[in-house]
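**Student:** got a predicted structure here, sequence first:
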Amino acid sequence: MRPKSNNIFPAFFSNDTVAAESVNKNVQHYRDIYKTIDAYLVKYPEIEQLAHEELKTLCKPNPTRRRTPDFTTQNLFRAVLITRLERLDFRSAEIDISEKLTLQNFCRLYKKTTISFQLIDQASIALSPETWQHLNCFFADRMVAEEKINVDYIRSDGTVVETNIHWPTDSSLCYDVYRTVDRIVNNAREAGLGGVLRDFRFHVGKIKTLNFRINQNASAKSKDRKRRYEKDYKTIVTRTEDVVIKAEEIIRRLTTQGSDAAMVFALELSRYLLWMKKIVDVARRRRNGETVPNEEKVFSLFEPHTELIKKGKSDKPIEFGHLLFLSQTREKFITDFIVRERSPSETAMLPEVVERHEHQFGRKPKGIAMDKGCHPGRDEMDALHDEYEDEIEFIGIPSRSNDFANEEMSTYQRFRAGIEGSISFLKRCFGLTRVNYKGFKGFCRGVGLSVFCHNLLVMARQDLSSD
């Protein structure tokens with residue numbers, strides 16, 4: 001059984017014994033941040049209790065050896081927080097925790113100086129997206145109760161968070177299909193299943209060359225290069241179609257073989273099969289001159305949940321990921337975040353933001369500010385004004401650029417502009433430019449971890465500035 005915490009540990013932040021005047025101001029501030037965050041976690045043990053319920057599953061239910069695990073769920077949860085507060089990958093987090101006494105103290109480590117990166121990874125995966133949402137809601141409720149944040153007036157905005165994919169083209173996606181089938185087959189052969197798969201041969205190098213040549217000639221002007229482009233495009237699509245047919249036969253043979261190893265590889269390949277078929281189908285249709293809607297496209301074989309989103313940015317007109325919609329107080333505390341596998345239109349977000357706010361805090365906000373892209377339309381806005389007339393003092397959403405000339409609307413938009421800085425902060429310092437977690441649940445897990453750590457840091461800085 002993995003315990004929640006240890007009752008005995010050395011003096012917390014023992015490096016504070018050094019005279020304050022001999023410590024660099026920035027170093028002391030760094031320590032104070034972690035001391036303040038620790039104080040919140042101690043003050044609200046429900047936070048670590050929520051994490052404990054999921055992290056305790058990392059231990060075997062009926063271990064054969066009677067021994068106490070080296071690390072408690074408290075150690076693991078705090079190590080996961082450090083990965084995002086310090087913006088570290090798991091291997092770097094293992095090293096930094098070992099080398100920095102402040103991080104060791106924060107993790108409450110007393111048996112060992114660090115936690116292996118594999119265990120930090122497992123702990124990160126064990127914490128579900130729903131848990132991060134609950135943790136953030138609980139923390140927001142406590143801050144409201146302490147009157148550290150005011151949720152009567154909020155600002156909301158959306159931003160695109162990218163998934164961990166390469167720029168998708170038909171040829172590169174076909175190459176992904178080809179090399180994935182080849183990789184799984186080679187792994188199966190190394191596991192002793194060569195006899196079942198002896199009839200299958202793949203020429204990955206040739207497909208890689210085709211993909212490279214297609215990318216070179218995609219915007220060619222000369223007739224010779226255009227002809228080469230058309231010929232290579234046809235070849236790569238045809239060969240990938242053949243590989244997908246072979247993949248179905250490979251799955252059938254491995255399933256028929258029936259061993260545990262064969263079933264593992266059959267299951268891995270079958271998970272990709274549907275997306276492989278869609279990729280080849282889209283490539284074939286586009287080659288035939290058909291316009292394929294974005295909803296029918298697959299933008300990554302490995303992250304098939306990825307969406308193509310156009311936010312109208314001049315420097316980045318097309319982005320691949322999901323829309324993250326945030327609600328924030330004047331104190332920069334993010335009270336709510338919304339991520340959907342199929343991102344909704346920003347013009348439909350106002351009623352949902354108000355409803356979720358009322359569900360969490362028991363009342364609608366007195367005022368809400370959003371940017372022009374969230375305006376639902378004149379008729380819909382009039383209906384919402386009538387619906388919220390007795391409860392919401394203002395809805396600051398301009399319908400056109402000329403509305404900014406209005407002094408009242410200009411005031412609302414100056415208030416709304418504060419969330420732009422927080423979005424930039426989340427992307428620069430908490431890794432929300434691109435989430436490297438795998439799958440949609442992993443994507444939501446990464447977003448939830450970043451938002452929760454952001455709020456911890458915001459409240460810690462607020463406390464330190466008020467001292």
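**Tutor:** Arrived safely.
**Student:** how's this protein carved up into domains?
**Tutor:** If you go by automatic domain parsing, the domain ranges for the chain are 14-127, 130-165+305-466, 170-296.
**Student:** got a markdown table for those domains, with mean pLDDT, mean neighbour count and distance to Pro3 too?
**Tutor:** The C-beta positions use only the backbone N, C-alpha and C, and glycine is treated the same way. Listed next are the domains of the chain as a markdown table, based on pLDDT from 0 to 100; neighbours: other Cβ atoms under 10 Å; distance: least, Cβ to Cβ, whole Å:
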| stretch | mean pLDDT | mean neighbour count | distance to Pro3 |
| --- | --- | --- | --- |
| domain 14-127 | 87 | 17 | 5 |
| domain 130-165+305-466 | 91 | 17 | 19 |
| domain 170-296 | 92 | 16 | 33 |
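**Student:** can you tell which of those domains is closest to Lys4?
**Tutor:** Nearest to Lys4, of all those, is domain 14-127, at 4.6 Å by Cβ to Cβ.
**Student:** and the gap between Ser219 and Tyr229?
**Tutor:** 9 Å (Cβ to Cβ, to the nearest Å).
**Student:** now Thr433
**Tutor:** Applying Cβ to Cβ to Thr433 and Tyr229 gives a distance of 33 Å.
**Student:** ok, now Ser401?
**Tutor:** On the measure of Cβ to Cβ, Ser401 and Tyr229 end up 42 Å apart.
**Student:** ditto for Pro351
**Tutor:** 48 Å.
**Student:** and for His454?
**Tutor:** 46 Å.
**Student:** all helices of the stretch 201-350 of the chain, in order?
**Tutor:** All helices of the stretch 201-350 of the chain, identified by DSSP state H, counting those that start in this stretch, fall at 204-217, 223-257, 260-287, 349-361.
**Student:** and those: which comes nearest Asp89?
**Tutor:** Counting by Cβ to Cβ, and looking across all of the helices of the stretch 201-350 of the chain, nearest comes helix 260-287 at 24.6 Å.
**Student:** grab the nearest non-local neighbour of Phe71.
**Tutor:** Distances taken as Cβ to Cβ, 6 or more residues apart in numbering put Ile115 closest to Phe71, at 5.8 Å, once the chain neighbours are dropped.
**Student:** now do the same contact list for the one you found.
**Tutor:** By Cβ atoms under 8 Å, 6 or more residues apart in numbering, the residues touching Ile115 are 71, 75-76, 79, 94, 97, 107, 109.
**Student:** likewise for Phe117?
**Tutor:** Going by Cβ under 8 Å, 6+ apart, Phe117 touches 89-91, 93-94.
**Student:** return the closest of these with respect to Leu324.
**Tutor:** So of those, ranked by how close each gets to Leu324 (Cβ to Cβ), first place is Asp89, at 21.5 Å.
**Student:** pretty sure the closest one is touching Thr83, no?
**Tutor:** Yes: applying Cβ atoms under 8 Å, one finds Asp89 in contact with Thr83, separated by 7.4 Å.
**Student:** now the helices of the stretch 201-350 of the chain in TSV, with distance to Glu54?
**Tutor:** Shown next, in TSV, are those (distance: least, Cβ to Cβ, whole Å):
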stretch	distance to Glu54
helix 204-217	40
helix 223-257	33
helix 260-287	24
helix 349-361	22
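**Student:** hmm, Arg253 is touching Gly195, no?
**Tutor:** No: using Cβ under 8 Å, Arg253 is not in contact with Gly195; the gap is 10.1 Å.
**Student:** which stretches of this protein form strands?
**Tutor:** With DSSP state E as the criterion, the chain has strands at 153-163, 307-309, 319-329, 334-339, 367-369, 394-396, 434-435.
**Student:** show me what the first one pairs with in its sheet, parallel or antiparallel.
**Tutor:** Counting by DSSP bridges, the strands paired with strand 153-163 are strand 319-329 (antiparallel), strand 367-369 (parallel), strand 434-435 (parallel).
**Student:** first-to-last residue distance for stretch 146-166?
**Tutor:** 45 Å (Cα to Cα, to the nearest Å).
**Student:** kindly report the same for stretch 391-404.
**Tutor:** Taking Cα to Cα as the criterion, the two ends of stretch 391-404 lie 24 Å apart.
**Student:** now do stretch 112-130
**Tutor:** 31 Å.
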